[in-house]
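Enquirer: Make a model of this:
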Amino acid sequence: MPFAQPIFDSIPAAPSCHAATIVEAAPDVFLAAWFAGTYEGHPDVGIWLARCEGAVWREPVKVADEPGVSHYNPVLFRDGTRTLWLFYKIGLSVPTWTGMYRTSSDGGRTWSTPTMLPAGLVGPAKNKPVALSNGEIVCGTSHETWGSWACWVEASADGGRSWTKRGPIAAPGAGAYEAKRETAVSAVWDASSGKLVLPKHFAGVIQPTLWEHDAGRVKMLMRSTERVGCVCASASDDYGRTWSPAERVPIPNPNSGLDAVRLADGRILLACNPVREGRTPLSVLVSEDNGVTWPQRVDLEAGAGEYSYPSVIQADNGRVHVVATHRRTQIFHYVLDPREL
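Expert: Modelled structure (predicted):
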């Protein structure tokens, strides 16, 4: 069975937390980050970071806190030079996100001053970038605008000094505005809860997770809205420059975040909520055919409540690490042995 533990006891000034991310900073040393505050979208929401050594998590510290504006979806990433990146977003709402990042050259003990990405770039929307075999860094990202959600990739060939945007990858059935004009009212922002309220008919995909399975061949899985109803996939055979149309994968998705990793043995591990409604159970699925079928499943959480937004990596020692939201009041850390999957 997976090992599970909470990352912190409590953060009194930050009663709600969500959208965790994890990276291995050094052998058996892990960092996790998430956003926390009064509630998602509130101006007091900042980015928190915790460090784990010897399976013990240290007290979290706030690492991003722009006064008067909310923070969202941190993403941790270690590049080929072992530089750590902390991407995150700030904005008055999700559609007004500005992408930010900080870097660390000492394993996350100290960080550079925040850098703002140019308008139109937001960095990885939720999930870790991938370092491709040609040396490029590719971030899976997405945009949530009125009536239209779609995925993109942002790629850098010079270690993050400049970025190229490629896409879009749209949901199956997206863009049918004229045909459904009488019911075309789309995403509505609820300022009190800090969330987008979506009607059932709205077709969109966001927050892609990526892996390279052969040189230049990259696959993408995406979160989808209720109208689509399941995970969607797209593929690239040219290092992410062009992408196939999004297609449905036979895994239910309740408009909830997911993440995947290609294991050292070639299998694909996907962490998600494999249901049509709600955000429980939180499960890991395993594919031996590059994401075509997913016959193996282990539930990390199956009780009532929200267990969502997983981030997954495979550590240098082969163990799989997942961090995820636990009822919006905690971030949990799960460790699995892939030989048992």
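
Enquirer: distance between stretch 37-46 and the chain's centre?
Expert: Once both centres are worked out by C-alpha atoms, centre = their mean, to the nearest Å, stretch 37-46 turns out to sit 19 Å from its chain's centre.

Enquirer: Quick one: end-to-end distance for that stretch.
Expert: This stretch, stretch 37-46, spans 7 Å end to end (C-alpha to C-alpha, to the nearest Å).

Enquirer: Buried residues in that stretch, which are they?
Expert: Applying a neighbour-count criterion of 16 or more other C-beta atoms under 10 Å, the buried positions in stretch 37-46 are 37, 39-41, 44-46. (Glycine included, C-beta is placed from N, CA and C.)

Enquirer: and if you look at stretch 112-132?
Expert: Here stretch 112-132 shows 117, 121-130, 132 as buried, counting by 16+ other C-beta under 10 Å.

Enquirer: End to end on that stretch, go ahead and measure it.
Expert: Stretch 112-132 has an end-to-end distance of 25 Å (criterion: C-alpha to C-alpha).

Enquirer: Same check on stretch 1-21?
Expert: Terminal-residue distance, stretch 1-21 (C-alpha to C-alpha): 22 Å.

Enquirer: same deal with stretch 268-280?
Expert: Between the start and the finish of stretch 268-280 there is a gap of 21 Å, counting by C-alpha to C-alpha.

Enquirer: ok, and for that stretch, which residues are buried?
Expert: By neighbour count with 16+ other C-beta under 10 Å, stretch 268-280 contains the buried residues 268-274, 279-280.

Enquirer: what residues are up against Val249?
Expert: Contacts for Val249 were tallied using C-beta atoms under 8 Å, 6 or more residues apart in numbering; they are 221, 230-233, 291.

Enquirer: mind redoing it with 10 Å?
Expert: Applying C-beta atoms under 10 Å, 6 or more residues apart in numbering, one finds that Val249 lies in contact with 221-222, 224, 230-233, 270, 287, 291-294.

Enquirer: Narrow those to those in helices?
Expert: Using DSSP state H, the subset of the contacts of Val249 located in helices is empty.

Enquirer: Turn these into JSON lines, columns for distance to Gly147 and pLDDT.
Expert: Putting the contacts of Val249 into JSON lines (distance: C-beta to C-beta, whole Å; pLDDT from 0 to 100) gives the following:
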{"residue": "Leu221", "distance to Gly147": "24", "pLDDT": "98"}
{"residue": "Met222", "distance to Gly147": "18", "pLDDT": "98"}
{"residue": "Ser224", "distance to Gly147": "16", "pLDDT": "96"}
{"residue": "Cys230", "distance to Gly147": "21", "pLDDT": "96"}
{"residue": "Val231", "distance to Gly147": "22", "pLDDT": "98"}
{"residue": "Cys232", "distance to Gly147": "18", "pLDDT": "98"}
{"residue": "Ala233", "distance to Gly147": "23", "pLDDT": "98"}
{"residue": "Leu270", "distance to Gly147": "29", "pLDDT": "98"}
{"residue": "Ser287", "distance to Gly147": "33", "pLDDT": "98"}
{"residue": "Gly291", "distance to Gly147": "29", "pLDDT": "97"}
{"residue": "Val292", "distance to Gly147": "32", "pLDDT": "95"}
{"residue": "Thr293", "distance to Gly147": "34", "pLDDT": "96"}
{"residue": "Trp294", "distance to Gly147": "31", "pLDDT": "97"}
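
Enquirer: What is the nearest of these to Leu31?
Expert: The shortest approach to Leu31 among those belongs to Leu270, at 22.5 Å (C-beta to C-beta).

Enquirer: Show the contacting residues for that closest one.
Expert: 209, 221, 231, 249, 251, 258-261, 283-287, 291, 294, 297, 310, 312 are the contacts of Leu270 under C-beta under 10 Å, 6+ apart.

Enquirer: Write the ChimeraX selection for whichever of those are buried.
Expert: Selection of buried members from the contacts of Leu270 for ChimeraX, criterion 16+ other C-beta under 10 Å:
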select :209,221,231,249,251,258,259,260,261,283,284,285,286,287,291,294,310,312
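
Enquirer: what about Trp149, which helix or strand?
Expert: Using DSSP states H and E, Trp149 sits within strand 148-156.

Enquirer: what are the pairing partners of the helix or strand that that strand is followed by, and which direction each?
Expert: For strand 148-156, the following helix or strand on the C-terminal side (DSSP H and E) is strand 164-170. In the sheet, strand 164-170 lines up against strand 148-156 (antiparallel) (DSSP bridges).

Enquirer: How far away from the center of its chain is the strand it pairs with?
Expert: Relative to the mean C-alpha coordinate of its chain, strand 148-156 is positioned 13 Å out (C-alpha atoms, centre = their mean).

Enquirer: Keeping just the C-alphas, turn that strand into PDB.
Expert: Taking Å, rounded to 0.1, in the frame of the first residue of the first chain, the C-alpha atoms of strand 148-156 are listed here in PDB:
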ATOM      1  CA  SER A 148     -13.200  29.000 -24.900                       C
ATOM      2  CA  TRP A 149     -10.600  26.800 -23.100                       C
ATOM      3  CA  ALA A 150      -7.600  25.400 -24.900                       C
ATOM      4  CA  CYS A 151      -4.100  24.000 -24.400                       C
ATOM      5  CA  TRP A 152      -0.800  25.100 -25.700                       C
ATOM      6  CA  VAL A 153       2.900  24.400 -25.100                       C
ATOM      7  CA  GLU A 154       5.600  27.000 -24.400                       C
ATOM      8  CA  ALA A 155       9.100  25.800 -25.400                       C
ATOM      9  CA  SER A 156      12.500  27.100 -24.700                       C
END
